[in-house]
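Enquirer: build me a structure from this.
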Amino acid sequence: MSATAVAGLPKAMWGTALPQLRPRRVRPAWPSAAAIRQLSGGARVASAATGFAPSNRPAVDASGTPFNTTFQFSIPDKVGALDEVLGLLRRQGVSLTRIESRPARGRRGHYDIYIDFAAGSAVEVGRLRNALAGLASVDEINVVAGDSDVAGLDYRHVPWFPRKIADLDKFGDKVLSYGEELDADHPGFKDPKYRERRAEITAIARSYRQYVEHPVLIGPLTQPALCNAMYSGMQLPYIKYTDEEIKTWGVVFDKVSALYPTHACKEHRYIFPLLVSNCGYRRDNIPQLEDVSRFIKDCTGWTIRPVMGLLSSRDFLNGLAFRVFHSTQYIRHHSVPLYTPEPDVCHELLGHVPLYADP
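Expert: Residues are numbered from 1 along each chain as shown. Presented below is the predicted three-dimensional model:
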């Protein structure tokens, strides 16, 4: 779909950059993990590696109306681990509204599990958290409970979602599949050189951050204070593509370019020559995300960020809410250049990107 259909902004605002960033307010420090374990009866909490901070606000609904709550925890990839969790939820009388699994970041052989359910009280949330913590296979429990920072919107009734663009860093490396891990039916599954290259590129995407924080001094010189100011800092990663990867791109580029005049919509046909002129789109060159992101930001305000693999629909749409398109940087296997079971840089740059530049 075109950017206009998603953004819905007046024409006067097309092509404008994001508002100037201001130092964010100082956030009180979270209690230590040891303190939280003591208060929660020994329940394990999420480490810094999960990208989430445990909520220190009790999810209390004074009216007694059930409110949506999300748990995130990790389990090993072994027979019976998930069944043990589901059995406990059944015994606790928990009715799930959503369950989702993703490969755990930085922990081979583990999966992050996300569950949504309607909780009746903070006591119920705490009881279930402690029960899950008692299972030997469950680790890194994170409770996403209620919050009401924005007037008029009660966050106890919705699952967690990003409220500022920096929050995209919390799930950018939590992919459903692929990335460096390949299924057995993937054309590159038995190619160790290709798998090594995929792992190299996905590791680069994993390290990317939408915004970086720097401590700055604020206040009068007589009483200076430290404050974390957020800046848009990281340039999109530059990938030096190999001759084989460029050759694969060239085969796809030639094929789809020949089809565009008869099969592409008029918006795509209008934008594509501009990408050729401004972003290095040609058969012997794979465009860099940084160049493409700058171009589409000038056109419509959209930007691109790298991603390790296939995101859940929920997380992908969360990015679109901030005019951010998640794009892979690796390329399909050279043995079958006109087929891929997953999104790759050909799919992203030749298929999706042109319409993000159309106002």
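Enquirer: all helices of the stretch 51-200 of the chain, in order?
Expert: 81-91, 122-133, 192-206 (DSSP state H, counting those that start in this stretch).
Enquirer: compare those helices and give me the one nearest L349.
Expert: Comparison of the helices of the stretch 51-200 of the chain against L349 by CB to CB identifies helix 192-206 as nearest, at 14.5 Å. The C-beta positions use only the backbone N, C-alpha and C, and glycine is treated the same way.
Enquirer: turn the helices of the stretch 51-200 of the chain into TSV, columns for distance to C299, mean pLDDT and mean neighbour count.
Expert: Converted to TSV, the helices of the stretch 51-200 of the chain look like this (distance: least, CB to CB, whole Å; pLDDT from 0 to 100; neighbours: other CB atoms under 10 Å):
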stretch	distance to C299	mean pLDDT	mean neighbour count
helix 81-91	45	91	14
helix 122-133	45	86	18
helix 192-206	24	92	17
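Enquirer: can I get those in JSON lines with distance to L236?
Expert: Formatted as JSON lines, the entries for the helices of the stretch 51-200 of the chain read as follows, by distance: least, CB to CB, whole Å:
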{"stretch": "helix 81-91", "distance to L236": "36"}
{"stretch": "helix 122-133", "distance to L236": "38"}
{"stretch": "helix 192-206", "distance to L236": "10"}
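Enquirer: so where's the chain uncertain?
Expert: By pLDDT under 70, the low-scoring segments of the chain are 1-66, 105-106, 144-159, 177-180, 212-233.
Enquirer: just checking, what's the longest helix in it?
Expert: Ranked by residue count and defined by DSSP state H, the top helix of the chain is helix 243-263.
Enquirer: right, and the helix or strand after that one?
Expert: Proceeding N to C from helix 243-263, the next assigned helix or strand is helix 266-279, under DSSP states H and E.
Enquirer: which strands and helices sit next to the following helix or strand past that following helix?
Expert: Towards the C-terminus, the helix or strand next in line after helix 266-279, according to DSSP H and E, is helix 289-300. Using 3 or more CB pairs under 8 Å, 6 or more residues apart in numbering; DSSP states H and E as the contact criterion, the elements in contact with helix 289-300 are helix 266-279, strand 303-306, helix 353-356.
Enquirer: the second one pairs with which strands, parallel or anti?
Expert: Which is strand 303-306. Partners of strand 303-306 in the sheet, by DSSP bridges, are strand 324-327 (parallel).
Enquirer: residues in contact with the partner strand?
Expert: Applying CB atoms under 8 Å, 6 or more residues apart in numbering, the set of residues contacting strand 324-327 from outside is 165, 168, 172, 210, 289, 302-307, 311, 315-316, 319, 345, 348-349, 352-353, 356.
Enquirer: let's see it at 7 Å
Expert: Applying CB atoms under 7 Å, 6 or more residues apart in numbering, the contact partners of strand 324-327 are 165, 168, 289, 302-307, 311, 316, 319, 348, 352, 356.
Enquirer: and what of stretch 247-258?
Expert: Residues external to stretch 247-258 that are found in contact with it (CB under 7 Å, 6+ apart): 283-284, 286, 331-332, 334, 337-338, 346, 350.
Enquirer: of those residues, which is the nearest to P273?
Expert: L350 (13.4 Å).
Enquirer: what's the neighbour count on that closest one?
Expert: For L350, the neighbour count with other CB atoms under 10 Å is 21.
Enquirer: now it: closest residue in space that isn't a chain neighbour?
Expert: Taking CB to CB, 6 or more residues apart in numbering as the measure, L350 lies nearest to V256, with 5.4 Å between them; neighbours along the chain are not counted.
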